[in-house]
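Asks: Just to be clear, the model below is a prediction. Sequence and coordinates:
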Amino acid sequence: MRFLLQRVAFYLFTAWAAITLNFFIPRIVPGDPVQSLISRNQGRISADAIASLRVLFGLDSDRNLWEQYVAYWGQLLHGDLGLSFTFFPAPVSEVIGSSLPWTVGLVGVTTIVSFLLGTALGVGAGWRRGSWIDGLLPATTFLSSIPYFWLGLVAIALFAGPGSFFPSSGGYEPGLVPAFDAYFIPSALQHSILPAATILVSSMSGWILSMRNMMVTVSSEDYITVAHAKGLSERRVALSYAARNALLPNVSGFALSLGFIVGGTLLVEIVFSYPGLGFQLFQAVGSKDYPLMQGIFLIITISVLVANLLADVAYLLLDPRTRKS
Amino acid sequence: MNGKVLEIRGLCVDYGIGADAVRAVRDVDLTLHRGEVLGLAGESGSGKSTLAYGLTRLLPPPGVVSGGQVIYHPAEGPPVDVLTLSPARLREFRWAETSIVFQGAMNSLNPVHKVSTQLLDVIRAHEPTSTAASRLARAKDLLRLVGIAADRLDSYPHQLSGGMRQRVMIAMALALEPQLVIMDEPTTALDVVMQRQILGQLAELRERLGFAVLFITHDLSLLVEFSDRIAIMYGGRIVEEAPAARLYAEPLHPYTEGLLHSFPALRGPRRELTGIPGSPPDLRAMPAGCVFHPRCPKAFEPCDERVPVLGPPGVDDPTRAVACWLHPAVAPLPR
């Protein structure tokens, strides 16, 4: 319990540091949204308009950095992430709220499925070393070294296009209204197949490889020989003795990968123009939308920290050796 | 108390297949009687552990049993050849008839399961009809048997000391009351005090439960004290076999003599410690004739040409056997 409290304290400190960095970094980057608006209009903006834009975006320069920082924390604690520049006057929390479900739905589900499938295949491959599954390993090594987005581009080139079942971009048929009904759900599913398959293929290989290698390592442990000598069934030795121990490093890897669900597949979302958080972040960076960037970074930071905490808890639950009395 | 429990006949174990194969155990004949402690001693690499793994079919690849028979005589029913058992029958045979205490006391227990889980699963696997309560009672009895409090059932392996872990392993080995317990250097990883305690306990348990023990160690001094008979292994062969006291008093094979002169006696006249010059043979390039002859101080004319056969050195001496040209066998060991 004490260990857990220590971890929580550590993560709170990390969160503070991350939020502080999150505040400063966009302000260190040269240029601001007003400037980009000016250049978007090729300078044809009156001085009055520029001044009012500055006030509007809260960029009036009489407040120093420290005051801004304090104000930022005050807003943050009220759940107010400011107004988005690009989707003005929509609040950032609303913009994030609308894209978060897409990312969590697509990447979250594929991450979990790829972990479960990959681990199961890895257990099989590691336990029956030298069987046909081992023949697949070079292919999985190859696939795991390919970046998601490239695989996505290949998938689009091969499977999407005019007349194809697979749409090449978007999260649903344009013209549909997002709702849980018989028109929208199938369309959303249809749009998610290609990106999901892309992520699945390239991320699952990593799980297969690491699980297989851990299984092979664990298989030569003394307690596995003992388990065989005890005359336990093959299944029990493989699952309760070998896989149970081999799983440990994979579980913490999985918990960490949960943290990257939110921001980790930015490129896939860009390639498929998927209306998720990564795509949103890409747009925010392009238009110097500080509040939106900060909001998204905040979400990513918090989810990575929560995932780390989850990894700690999972390890505590699964490995008795980490529980100090 | 008499009668055979395990007969090993002409057992050969190879590592690898084909031309690169290395023979680690050669034509080993060994018989264990009910309730006796047979010590198996030899240097590292002499094939003693390989023999134990081979006869229980636990050899990790690339080990292969390439010949011979391992005849097990159950308490009731006809004898069976362990090497030809089907996988299902082999699983039934394991632990229920022959259990093993391994060398690595530290790593023999699964680190993520409680002691109770690991004690109970083996009972459940072999006695599926038993009730959970009876299994738990048995597990508690077993721990008490080796001098561990029953509440340790809820401990994880890392919460036990090395000695306790090895005791748990011994308790586990006795869980199904096997006829034979193979001990592969069970106390090597422990300090001498713990070693003595555990061996004392073991001798007591054997007295009470009457199982036979195949005790494998490189520590001949231990065997002299704890075993009924001793077999000495060198280069994959048994080179001498005799009742413990006789082997200690009058070793016949020069290798046995060398081993006996490698540790000091606590009682009796002073003697010089000599050890054995040279190092164990390379399994890939075994010397012709007697494998020991390059290191043997007494090697003479036939030693580098012909392999001596293991057999009794005299007609009046059927209890011991030796494979040495100094004491040529009067007849090969009866099978």
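Replies: Done, it's in.
Asks: Under a three-state scheme, what state does the closest residue to B:R320 other than its chain neighbours occupy?
Replies: Using CB to CB, 6 or more residues apart in numbering or on different chains and skipping residues adjacent in sequence, the residue nearest B:R320 is B:A242, 3.6 Å away. Where C-beta positions appear, they are placed from N, C-alpha and C, glycine not excepted. Judged by DSSP: H, G, I helix; E, B strand; the rest coil, the three-state class of B:A242 is strand.
Asks: Surely B:A242 is in contact with B:D317?
Replies: No: counting by CB atoms under 8 Å, B:A242 stays clear of B:D317, with 9.1 Å between them.
Asks: Who has more neighbours out of those two?
Replies: Taking other CB atoms under 10 Å in any protein chain shown, B:A242 and B:D317 do not tie; B:A242 has more neighbours (25 against 15).
Asks: So for the helix or strand hosting A:A49, what gets flagged as buried?
Replies: Of the helices and strands defined by DSSP states H and E, A:A49 is found in helix A:47-56. Neighbour counts over helix A:47-56 (16 or more other CB atoms under 10 Å in any protein chain shown) mark A:L53 as buried.
Asks: Spell out which parts of the stretch 1-150 of chain B neighbour chain A.
Replies: For the stretch 1-150 of chain B, the residues in contact with chain A (CB under 8 Å from any CB of the partner chain) are B:56, B:58, B:60, B:90-96, B:99-100, B:102-104, B:107-114, B:121-122, B:125-126.
Asks: Which members of those occur in helices, if any?
Replies: B:90-93, B:121-122, B:125-126 (DSSP state H).
Asks: Can you flag the buried ones in those?
Replies: Among those, those classed as buried by 16+ other CB under 10 Å are B:90-91, B:93, B:121-122, B:125-126.
Asks: Output the residues you listed in a markdown table; the columns should cover pLDDT.
Replies: Supplementary listing: these in a markdown table, determined by pLDDT from 0 to 100:
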| residue | pLDDT |
| --- | --- |
| B:L90 | 92 |
| B:R91 | 91 |
| B:F93 | 91 |
| B:D121 | 91 |
| B:V122 | 92 |
| B:A125 | 92 |
| B:H126 | 92 |
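Asks: Now flag whichever of these is closest to A:A182.
Replies: Of all those, B:D121 has the smallest distance to A:A182: 50.2 Å, by CB to CB.
Asks: Is that closest one in contact with A:R236, as I believe?
Replies: Yes: counting by CB under 8 Å, B:D121 touches A:R236, with 6.9 Å between them.
Asks: all helices of the stretch 51-200 of chain A, in order?
Replies: Shown for the stretch 51-200 of chain A, the helices assigned by DSSP state H, counting those that start in this stretch span residues A:65-77, A:92-103, A:109-127, A:132-144, A:148-159, A:184-219.
Asks: quick one: contacts for the closest residue to chain B within the stretch 201-325 of chain A?
Replies: Closest contact between the stretch 201-325 of chain A and chain B, by CB to the nearest CB, is at A:G231 (3.5 Å). A:G231 makes contact with B:90-96, B:122, B:125-126 under the criterion CB atoms under 8 Å, 6 or more residues apart in numbering or on different chains.
Asks: which pair in the residues you listed spans the largest distance?
Replies: Maximum distance among the contacts of A:G231 (CB to CB): 14.9 Å, for B:L90 and B:V122.
Asks: so how many other residues sit close to A:F260?
Replies: Neighbour tally, A:F260, other CB under 10 Å: 16.
Asks: from what I can see it touches A:V304, true?
Replies: Yes: with contact defined as CB under 8 Å, A:F260 reaches A:V304; the gap is 7.0 Å.
Asks: Next, the contact list for A:R27, please.
Replies: A:65, A:68, A:290.
Asks: for it, helix, strand, or coil?
Replies: helix.
Asks: Partner strands of whichever strand or helix holds B:E7 and their direction?
Replies: Assigned by DSSP H and E, B:E7 falls within strand B:4-15. Here strand B:4-15 has these sheet partners by DSSP bridges: strand B:22-33 (antiparallel), strand B:63-72 (antiparallel).
Asks: In a markdown table: these, plus mean neighbour count and mean pLDDT.
Replies: Shown next, in a markdown table, are these (neighbours: other CB atoms under 10 Å in any protein chain shown; pLDDT from 0 to 100):
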| stretch | mean neighbour count | mean pLDDT |
| --- | --- | --- |
| strand B:22-33 | 21 | 91 |
| strand B:63-72 | 18 | 91 |
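Asks: need those strands in TSV with distance to B:L51, can you?
Replies: Formatted as TSV, those follow (distance: least, CB to CB, whole Å):
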stretch	distance to B:L51
strand B:22-33	5
strand B:63-72	10
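Asks: B:E92 is in contact with B:A125, isn't it?
Replies: No: distance between B:E92 and B:A125: 9.3 Å, which falls outside the contact criterion (CB under 8 Å).
Asks: circling back to that earlier point, can you go through the residues of the stretch 1-150 of chain B next to chain A and name the buried ones?
Replies: When the residues of the stretch 1-150 of chain B next to chain A are checked for burial by 16+ other CB under 10 Å, the buried set is B:56, B:58, B:90-91, B:93-96, B:99-100, B:102-104, B:107-114, B:121-122, B:125-126.
Asks: Flag the shaky bits of chain B, pLDDT-wise.
Replies: Scanning chain B for pLDDT under 70 picks out the ranges B:1-2, B:105, B:266, B:331-335.
Asks: Now with 80, please.
Replies: B:1-2, B:104-106, B:188-190, B:264-275, B:314-318, B:329-335 (pLDDT under 80).
Asks: do the stretch 101-250 of chain A as well
Replies: In the stretch 101-250 of chain A (pLDDT under 80), the answer is A:130-136, A:144, A:148, A:160-164, A:166, A:168-183.
Asks: run the last query once more with 50
Replies: Along the stretch 101-250 of chain A, segments meeting pLDDT under 50 are nowhere present.
Asks: what does it have sitting close to chain B?
Replies: With the criterion set to CB under 8 Å from any CB, the stretch 101-250 of chain A comes near chain B through A:220-223, A:225-233, A:236, A:240-241, A:244-245, A:248.
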